[in-house]
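In: predicted model and sequence follow; I will ask about them next.
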Amino acid sequence: MLPAAYPKSGRKRFRAQGIHSSRGTSTLESEEEVGALAMFSAFPDGWAGVGLVLLRTAVGAVLFVQSVSYLANWRDGIATPLIAALMALSGTLLFCGYMTRYAAVAAALLSASSIFSRFTFLSFGLFETRVTPVLAIVIAIAILCLGPGAFSLDARFFGRREIIIPKTPSNA
């Protein structure tokens, strides 16, 4: 028989000292907050953060240069400027580190679309060979798995916060 302190489901509620909810439940119960924590859970700093900056910069620069190349050789149709705009947007977001995981998904999908594209006019610039988009896909998936890092706008807006609880003055 299990003690009453441990629920049968195996889930324990964690209550940090000094932070209490008025309902008596965990403060992270809403789906929005749990989703935000899952989306921005990793903000490594130090050398790991520098490595993530380099990965984000590499993929962002490749996507941005490729989008400029698409626009420079644009002949007709609406598909080319649309793809170029999406590449420039995801490259810029990755470079800045804002909405990094969404931008990494977009970068991987856009790079994959350049591999399987049936348009011959889209096969120029940095994605002329098939190795560059494959490497961009792999790096984008790595960024998706690892998170934005501490040196990003995501970390600035959604990163860890220190909660300082003031001591109550004693009436002595």
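Out: Looks like it arrived, so ask away. Residues are numbered from 1 along each chain as shown.

In: and residue 99, what does it touch?
Out: 93, 154 (CB atoms under 8 Å, 6 or more residues apart in numbering). In this view, the C-beta of every residue, glycine as well, is placed from N, C-alpha and C.

In: any idea how far residue 143 is from it?
Out: Applying CB to CB, to the nearest Å, the value for residue 99 to residue 143 is 12 Å.

In: next, the buried residues of the helix or strand harbouring residue 145.
Out: Residue 145 is part of helix 131-146 when elements are defined by DSSP states H and E. Neighbour counts over helix 131-146 (16 or more other CB atoms under 10 Å) mark 132-133, 136-137, 139-140, 143-144, 146 as buried.

In: how about stretch 61-75?
Out: Applying 16+ other CB under 10 Å to stretch 61-75 flags 62-70 as buried.

In: which one of these is nearest residue 106?
Out: Nearest to residue 106 among the buried residues of stretch 61-75 is residue 63, at 8.9 Å by CB to CB.

In: once you drop chain neighbours, what's closest to the closest one?
Out: residue 91 (3.3 Å; CB to CB, 6 or more residues apart in numbering).

In: how about the helices in this protein?
Out: 31-39, 46-72, 79-96, 100-115, 131-146, 153-158 (DSSP state H).

In: turn those into TSV, columns for mean pLDDT.
Out: Listed next are the helices of the chain as TSV, based on pLDDT from 0 to 100:
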stretch	mean pLDDT
helix 31-39	51
helix 46-72	89
helix 79-96	91
helix 100-115	91
helix 131-146	90
helix 153-158	87
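
In: to residue 170, which of the ones you listed lies closest?
Out: Closest to residue 170 of the helices of the chain, according to CB to CB: helix 31-39, at 34.9 Å.

In: residue 116: neighbouring residues, count only.
Out: Neighbour count of residue 116, defined by other CB atoms under 10 Å: 7.
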